[in-house]
Every structure is written in structure tokens, then in C-alpha cells.
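Visitor: With the sequence up front, the predicted model follows.
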Amino acid sequence: MTLILVMDNDCAIGKNGGLLCRLPLDMKHFRETTKNSAVVMGRKTYESFPKRPLPDRENIVLSRNLSKINGATVFGNAEEMLKYVNSLEKKVFVIGGAEIYKLLLPYCDEALITRVYENFSGDVFFYDIEHDKSWELSESSPVLETNGKNIRFMRFLRKNS
């Protein structure tokens, strides 16, 4: 699986139940990267999208609340969800939130990080993957500007995966 997220200088990934800021270039990157794939998320992340389910993707929700969600497949535990996604013949992206990232990170061998070179006083955090010796930076874009913010697209691969 591949983890995909936006992170600021302090490794913040969210604020007040939403994204850190609006980044049109990153949203385009997310849509293009995850199109025709499966996306795994928690219920709160799913409910935060203005348009549900995310179009052109198989929406998979991991939640303690097993009530039906139109347009998504719901799993109550990671083991069942992992068995299901391992049977898929398409790429699988973990798209959040923080609890889902933490739970599924050990099963990911790739991380696509959009680094925003700013601090947003976020209240939800990932961790500093750039300094984790078990991951290596394999690709990095030049610094790009979107909506007045400097960003960089980075691809990390887990070592020995």
C-alpha cells in the first residue's frame, strides 16, 4: 500500500478536523495519482469530503462504526480490510486520517508526501519520515508554488521492502 498526505514543517497534517490549507496543485496531484485505484480512509476523513464517494476510486472505510455508507465498502478491523485490499488488482492508497495512517503505516512500502514549507499550528500530526532511517527519499520535485505556498512532492520507499 501507499500512504499519501500533506505535511507542514512541524509534521502537522490537519487542523480543526480539516486540511491545513487549500493547495490546488496538491489536489490535482492527489486526483491524478489516486484515480482508478482504491483509497482507504477512516470514517471522519470520508465524511469530510464535500463530494462522496470520491469519484473514479474504490472507497474503503475502516471504522469502528459498521453502519453502511453509500458508495464505500466498510470494514470494522484492519485484518479484514488488509485481506480484502491484498486481493485487489489495483493500487491501494491510505489517505487518512491520523489514526488510519498510524495503524496502516507498517503495511505501506511507499509514502507520497507533499511537504508544505510553512507552519500551520496544526492539531493532528504524522511523524518526520524524512529522518527515519527505515525510509529513503527516492524522488523529489523542485519547490513549486501553489496558492501562495511553497510545496515539494516527495516519494519515500521503505528500505528492504
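Guide: Looks like it came in fine. Numbering: from 1, shown residues only.

Visitor: Output the below-cut-off pLDDT ranges for this protein.
Guide: 161 (pLDDT under 70).

Visitor: what sits up against the strand ranked longest in the chain?
Guide: In the chain, assigned by DSSP state E, the strand with the most residues is strand 149-158. Residues outside strand 149-158 that contact it (CB atoms under 8 Å, 6 or more residues apart in numbering): 6, 21, 23, 25-26, 29, 108-118, 129-130, 134-145. C-beta coordinates here come from the backbone N, C-alpha and C atoms, glycine included.

Visitor: where along this protein do the strands fall?
Guide: Taking DSSP E as the criterion, the chain carries its strands at 2-7, 12-14, 38-42, 58-62, 72-75, 92-96, 110-116, 124-125, 135-140, 144-146, 149-158.

Visitor: The last one pairs with which strands?
Guide: So that's strand 149-158. When sheet partners are counted by DSSP bridges, strand 149-158 sits next to strand 110-116 (antiparallel), strand 135-140 (antiparallel), strand 144-146 (antiparallel).

Visitor: The fifth one now?
Guide: According to DSSP bridges, the neighbouring strands of strand 72-75, each with its direction, are strand 58-62 (parallel).

Visitor: Which elements pack onto the lengthiest helix in the chain?
Guide: Taking DSSP state H as the criterion, the chain has its longest helix at helix 24-34. In terms of contacts (3 or more CB pairs under 8 Å, 6 or more residues apart in numbering; DSSP states H and E), helix 24-34 is packed against strand 2-7, strand 92-96, strand 110-116, strand 144-146, strand 149-158.

Visitor: for the ones you listed, which one sits closest to Asn86?
Guide: Closest of the helices and strands packed on helix 24-34 to Asn86 is strand 92-96, at 8.6 Å (criterion: CB to CB).

Visitor: Give the pairing partners of the closest one; include direction for each.
Guide: Within its sheet, strand 92-96 is paired with strand 2-7 (parallel), strand 38-42 (parallel), according to DSSP bridges.
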